[in-house]
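S.K.: Sequence and computational prediction follow.
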Amino acid sequence: MKGPWIFMILAFVALPGVSEEQQDPPVDNPWLDELQVNVSDSIDATAMWFDAFFADETVQLDEKAYGEARIRLGWEPRSRAVNEFETRFRVRVKLPNMKHQTDLIFSDYDEDEDASSVKAARNDAIDNRNRFSMALRWTAKKSGDMNISHRIGVGRKLQPYVKSQIRKTFGLSDINNVNLEASVYYYTQDRFGSHLMAQYEHQLAGNDLFRFDNHFYFRDEENDWIWQHGWYKYSQWDEKTAMIYGLYLEGGTRPNYRIEEYLVSTRWRKNALRKWLFFEVEPFLLWRRDEDFKVSYGLALRVEGYFGHSS
């Protein structure tokens, strides 16, 4: 990917670590700095504790273990559902003493299956089953445009599982990219499943980006497909403020191929107080089949923090 919109995509999608040098000067609210340092130190201590199990005293590594975390708190009231709260977390621990590029992931969601930012619009069959997961992930191949990785762990109410994933990027031009992703997994109770993703990105004038997402999920347990389509425009106003305008559709193949919901939203995202702290305000309109497609008016309020000392 090329162009000034790289920063914007990373800010919304990636899980970066935040070093102490990156923080704003503690001119006010010093408890925020203490919070960031304490949480980051705890994550790094956990990373080094795990990494010590695989240490080889005869080999001296230049890289040390570290951890990164993303924590999000949100309140998303809407028509007919005012008490809609959400807490999400994701911790990644880098383990250099293991072979290949290996990390340990603790999470209550899968970043690959998070098509909609609004909780009320996410499919319960996909969203609820991701609560809590712990997995060891290693990269089998990583180049500039291709990544192949594997996971083994427990998830979906402590079911052991294995998962393999391949992702490839095709640079059509300096302003057009196509990202393809395919994964297959097996859970001891839910059995086989797969996820297919096709994503088109087009750089617009200035710092704007258009993105078209397509997701398809197959569930062996239900023998059906869930499909999701999204059209988004990303606009970066300045270094700390951005807007996302989106239209999201979801449907399934059971009892027949049909749409289940529509979502229209505008998300304002602001980096404020500290470089590791983000705030979001997202007004939205939602139409769901189980609510007879009557419009639901909503407003999502979120705060998101990034923690860790990356090497």
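M.R.: Structure received. A quick note: this is a predicted structure, and the numbers were derived from the prediction, not measured. Numbers count the residues shown, from 1 in each chain.
S.K.: quick one, phi psi at Gly144?
M.R.: The phi and psi values for Gly144, taken as degrees, to the nearest 10, are phi -60, psi -30.
S.K.: need the contact list for it.
M.R.: Listed by CB atoms under 8 Å, 6 or more residues apart in numbering, the contact set of Gly144 is empty. For glycine as for every other residue, the C-beta is placed from the backbone atoms N, C-alpha and C.
S.K.: Provide the secondary structure category for the closest residue in space to Asp190 that isn't next to it in sequence.
M.R.: Excluding its sequence neighbours, the residue lying closest to Asp190 (CB to CB, 6 or more residues apart in numbering) is Glu221, at 4.8 Å. Secondary structure assignment for Glu221 (DSSP: H, G, I helix; E, B strand; the rest coil): coil.
S.K.: where exactly do the helices run in the stretch 51-200 of the chain?
M.R.: 124-127 (DSSP state H, counting those that start in this stretch).
S.K.: can you map out the strands along it?
M.R.: 66-75, 85-94, 101-107, 133-142, 146-155, 159-173, 176-187, 191-203 (DSSP state E, counting those that start in this stretch).
S.K.: from memory Tyr234 sits against Thr241, does it?
M.R.: No - using CB atoms under 8 Å as the test, Tyr234 is too far from Thr241 to be in contact (12.0 Å).
S.K.: If you count surrounding residues, which of those two has more?
M.R.: Tyr234 (24 against 13; other CB atoms under 10 Å).
S.K.: Bridged to the more buried one, which residues?
M.R.: Taking DSSP bridges as the rule, Tyr234 bridges to Leu209, Ile244.
S.K.: on that earlier part again, if I look at the residue nearest to Asp190, how far off is Val93?
M.R.: Counting by CB to CB, to the nearest Å, the gap from Glu221 to Val93 is 30 Å.
S.K.: who has more neighbours, the two?
M.R.: The neighbour count for Glu221 versus Val93, taken as other CB under 10 Å, is higher for Val93 (24 against 13).
S.K.: For that one, give the beta-bridge partners.
M.R.: Beta-bridge partners, per DSSP bridges, of Val93: Gly67, Leu104.
S.K.: and the gap between it and Asp238?
M.R.: For Val93, the distance to Asp238 equals 33 Å [CB to CB].
S.K.: Check Leu158 too.
M.R.: 45 Å.
S.K.: Run through the stretch 101-250 of the chain and note the low-pLDDT ranges.
M.R.: By pLDDT under 70, the low-scoring segments of the stretch 101-250 of the chain are 110-116, 124-131.
S.K.: neighbours around Val37, how many?
M.R.: Residues lying near Val37 (other CB under 10 Å) number 14.
S.K.: Now it, what are its backbone angles?
M.R.: Dihedral angles (degrees, to the nearest 10) for Val37: phi -70, psi -40.
S.K.: Please apply the same query to the one 5 residues further on.
M.R.: Main-chain dihedrals, Ser42, degrees, to the nearest 10: phi -60, psi -40.
S.K.: What distance do you get for it to Tyr187?
M.R.: With the distance defined as CB to CB, Ser42 ends up 30 Å from Tyr187.
S.K.: Using PDB, write out every CA atom in stretch 241-256.
M.R.: These are the backbone C-alpha positions of stretch 241-256, laid out as PDB (Å, rounded to 0.1, in the frame of the first residue of the first chain):
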ATOM      1  CA  THR A 241      -8.800  13.300  13.800                       C
ATOM      2  CA  ALA A 242     -10.500  11.100  11.200                       C
ATOM      3  CA  MET A 243     -14.000  10.300  10.000                       C
ATOM      4  CA  ILE A 244     -15.400   7.000   8.600                       C
ATOM      5  CA  TYR A 245     -18.700   7.000   6.600                       C
ATOM      6  CA  GLY A 246     -20.100   3.500   6.200                       C
ATOM      7  CA  LEU A 247     -22.900   1.300   4.700                       C
ATOM      8  CA  TYR A 248     -23.000  -2.200   6.000                       C
ATOM      9  CA  LEU A 249     -25.200  -5.200   4.900                       C
ATOM     10  CA  GLU A 250     -25.500  -8.700   6.400                       C
ATOM     11  CA  GLY A 251     -27.400 -11.800   5.500                       C
ATOM     12  CA  GLY A 252     -27.400 -15.600   5.400                       C
ATOM     13  CA  THR A 253     -28.400 -18.600   3.400                       C
ATOM     14  CA  ARG A 254     -30.800 -20.200   5.900                       C
ATOM     15  CA  PRO A 255     -33.800 -20.700   5.500                       C
ATOM     16  CA  ASN A 256     -33.000 -19.000   2.200                       C
END
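S.K.: Check the offset of it from the chain's centre.
M.R.: 16 Å (CA atoms, centre = their mean, to the nearest Å).
S.K.: do the same with stretch 37-44
M.R.: For stretch 37-44, the distance to the chain centre is 21 Å (CA atoms, centre = their mean).
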